[in-house]
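In: Sequence and predicted structure are below.
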Amino acid sequence: MFYLLVTLAVYGVFRISREIIGNRAHLMEEEIRDYKYKRRSLSESFQRRITNHIGTCEECREQFKKIMNE
């Protein structure tokens, strides 16, 4: 039972840290264009990543505004 709890805790930490690292990575222009034109099926996690990152990164926010105004 103890090993199961430890395994679940490690898995939870892994998922959370992977999401945090993913949110901190700068957006590529192609990702913003995919978001704008909905070129691919946009998963909920992809949409959340873009929204969270644009909310915290000034550089990507400016790039996002530029692309959205094209």
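Out: Yep, it's here.
In: okay, which residue is most central for this structure?
Out: Central residue of the chain (C-alpha atoms, centre = their mean): residue 49, 2.1 Å from the mean position.
In: Please give me every residue in contact with the closest residue to residue 32 other than its chain neighbours.
Out: In this structure, residue 32 finds its nearest non-sequential neighbour in residue 67, 4.9 Å apart by C-beta to C-beta, 6 or more residues apart in numbering. C-beta coordinates here come from the backbone N, C-alpha and C atoms, glycine included. With contact taken as C-beta atoms under 8 Å, 6 or more residues apart in numbering, residue 67 is in contact with 29, 32, 33, 36.
In: Could you do residue 60 as well?
Out: Residue 60 touches 26, 27, 32, 53, 54, counting by C-beta under 8 Å, 6+ apart.
In: So among those residues, which ones count as buried?
Out: Among the contacts of residue 60, the ones that count as buried by 16 or more other C-beta atoms under 10 Å are 27, 32, 53, 54.
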